[in-house]
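> sequence unknown, structure follows:
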């Protein structure tokens, strides 16, 4: 009886708090300017019942077609602005970044899940941890070419295609292991760069930790899914409370994040203590301090390297698997890219970043741009939040509004991209190069300029992700044919979440011929390459 009374009391108290919160949201004074157009809201709830629970980018685009490129909806008094054009996103998130650079407080993915101290959700104005992590990324990434990554990228990708070759030898005719191989390569690259850690060929514990942590992050930060994100007071409900599943889920997900942050870092520190640590971001950051860093600084370092995994690995997995899907669905694009590669390499060697630097493969470059556009990794972006009231095109944008750049909608803007649902690399080439455009000025917007976000919250790992996509595509096409399984017609399906991936599909890989097979077989299985020296241009002393 006592337990029942306690539960009743908690339920009544929670309902009172929710009621007060909703009345405050409903009757607070509003700006006299009109809000942007959007679906008609319901009384009190607003558009809460209309918000999509998954694949929200598709709904956002439909709203854009109905109401324009700037759409307003609300949920329990919270304003949400959806941007469906590059111009609107650039005008607000880039040109007015001082107003639009904060992240919303997402209790599920933030305080409850533990990602509130990660780079992606940290406040940026006046936040020393945000500045430290961003400076660490600037130090690591350098320029767009990021040449200090080239050797390790190439070596990991060689091991990746070697694993694909082993699957072919073991008679995998459906491509069932391709997603696992891509995840291994992404994990091997990021763990090597971040911690100097050589990943095991099979069932690596750190790769497993990162995979589950990143899946939890993607689901916990998905906008419009968790009631607690719209009614933050619910975050105080204890995990044992019945009828609500999110408190227990958050506890489990937080442990996954703690493992991602601490376990690889502790391994790297142990290697440094033994004097055998290889070059890595963790080692570079720790070496910047003349004495042992404070607990707070060490936490900053842990979060910096964890952010590298969070912003680099899952995005690489998504774009690389989308490349395989596109090659199955558009064999003419695959054939043309392979022909271009053959002209340069003559089946005598594997491609390298020097080929890219020399501009020898323009069609392959266009193909990788089209992968980013056709299958954006973060299709609905990660929401921004306004610091104060603003005005745009005669509309009010209230302070505290969630602002969502619908990357998928921007990539499908038929005013920018002709026939936007078709995979067509030729749209990024001139007619002289065998493309669609009369001159270089006619080439449409480079997806690199919007697929990784806008303004101060642009993804700092975008250079690494772009390099990974290019080298994976180049090496794969140089030695393999990618074909439909039994001539089956594929349907494009993507998972839900902030970071999305193609649903598993069947395809058949075959080795292109004796010369290609010889190239793959020549890859040394026991060679481990580490990150090169970081370029000094534009870097600051991180301990200052």
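All right, it came through fine. Here the structure is a predicted model, which means the values were calculated and not measured.

> do you know how far the nearest residue to residue 146 once chain neighbours are set aside is from residue 89?
Nearest residue to residue 146, sequence neighbours excluded (Cβ to Cβ, 6 or more residues apart in numbering): residue 463, at 4.8 Å. Yep, even glycine has a C-beta here, placed from its N, CA and C like the rest. Between residue 463 and residue 89 the distance, using Cβ to Cβ, to the nearest Å, works out to 21 Å.

> the more surrounded of these two?
Comparing residue 463 with residue 89 by other Cβ atoms under 10 Å, the one with more neighbours is residue 89, at 27 against 21.

> doesn't residue 405 make contact with the more buried one?
Yes: using Cβ atoms under 8 Å, residue 89 is in contact with residue 405, at 4.3 Å.

> list the contacts of the residue nearest to residue 211 when sequence neighbours are not counted.
Using Cβ to Cβ, 6+ apart and skipping the chain neighbours, the partner closest in space to residue 211 is residue 183 (6.2 Å). Applying Cβ atoms under 8 Å, 6 or more residues apart in numbering, we find residue 183 in contact with 207, 211, 313, 317.

> in the helix or strand the third one falls within, what's buried?
So the one you mean is residue 313. In the assignment (DSSP states H and E), residue 313 maps to helix 295-329. Under the neighbour-count criterion of 16 or more other Cβ atoms under 10 Å, helix 295-329 has 297-329 buried.

> all helices of the stretch 251-400 of the chain, in order?
All helices of the stretch 251-400 of the chain, identified by DSSP state H, counting those that start in this stretch, fall at 281-287, 295-329, 331-345, 353-357, 362-374.

> what of the stretch 1-150 of the chain?
2-27, 56-67, 86-89, 97-100, 128-141, 150-169.

> in terms of mean pLDDT, which of the ones you listed ranks lowest?
Note on those: lowest mean pLDDT is at helix 2-27, with a mean of 48.

> not counting its neighbours along the chain, what's nearest residue 500?
Among residues not flanking residue 500 along the chain, residue 494 sits closest, at 4.6 Å (Cβ to Cβ, 6+ apart).

> any idea how far that neighbour is from residue 357?
32 Å.

> out of these two, which sits in the more crowded spot?
Using other Cβ under 10 Å, the more surrounded residue of residue 494 and residue 357 is residue 494, with 20 against 11.

> report the buried residues of stretch 496-510.
Of the residues in stretch 496-510, 497-502, 505, 507-509 count as buried by neighbour count, 16+ other Cβ under 10 Å.

> closest to residue 414 among those?
residue 500 (21.8 Å; Cβ to Cβ).

> wait, that closest one touches residue 318, no?
Yes: if you go by Cβ under 8 Å, residue 500 and residue 318 touch, sitting 6.5 Å apart.

> how many other residues sit next to the nearest residue to residue 374 once chain neighbours are set aside?
Leaving aside its sequence neighbours, residue 374 sits nearest to residue 423 (Cβ to Cβ, 6+ apart; 5.0 Å). Neighbours of residue 423 under the rule other Cβ under 10 Å: 21.

> residue 334 is in contact with residue 423, correct?
No: contact criterion Cβ under 8 Å: residue 423 and residue 334 do not qualify, at 10.3 Å.

> avg pLDDT for stretch 69-78?
Confidence for stretch 69-78, expressed as mean pLDDT, is 93.

> ok, the most centrally placed residue in the chain - contacts?
Centroid-nearest residue in the chain, with Cα atoms, centre = their mean: residue 315, separated by 4.0 Å. Residues in contact with residue 315, defined by Cβ under 8 Å, 6+ apart, are 377-378, 459, 461, 465, 499.

> got the buried residues for the helix or strand in which residue 476 is found?
Per DSSP H and E: residue 476 is located in helix 462-479. Burial within helix 462-479, assessed by neighbour count using 16+ other Cβ under 10 Å, is assigned to 462-479.

> about what we covered before: can you redo the contacts of residue 315 as a markdown table with pLDDT and distance to residue 445?
A markdown table is the format used below for those (pLDDT from 0 to 100; distance: Cβ to Cβ, whole Å):
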| residue | pLDDT | distance to residue 445 |
| --- | --- | --- |
| 377 | 92 | 17 |
| 378 | 91 | 17 |
| 459 | 80 | 17 |
| 461 | 76 | 21 |
| 465 | 86 | 18 |
| 499 | 84 | 22 |
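
> of these, closest to residue 418?
Distances from residue 418 to those, taken as Cβ to Cβ, are shortest for residue 377 (23.0 Å).

> now that closest one: how far from residue 277?
Distance from residue 377 to residue 277, counting by Cβ to Cβ: 31 Å.

> ok, residue 270 next?
Relative to residue 277, and taking Cβ to Cβ, residue 270 is found at 9 Å.

> try residue 448
Separation of residue 448 from residue 277 (Cβ to Cβ): 33 Å.

> ditto for residue 389
According to Cβ to Cβ, residue 389 and residue 277 sit 50 Å apart.

> the two: which is more packed in?
Comparing residue 389 with residue 277 by neighbour count (other Cβ under 10 Å), the higher total belongs to residue 277, at 20 against 15.
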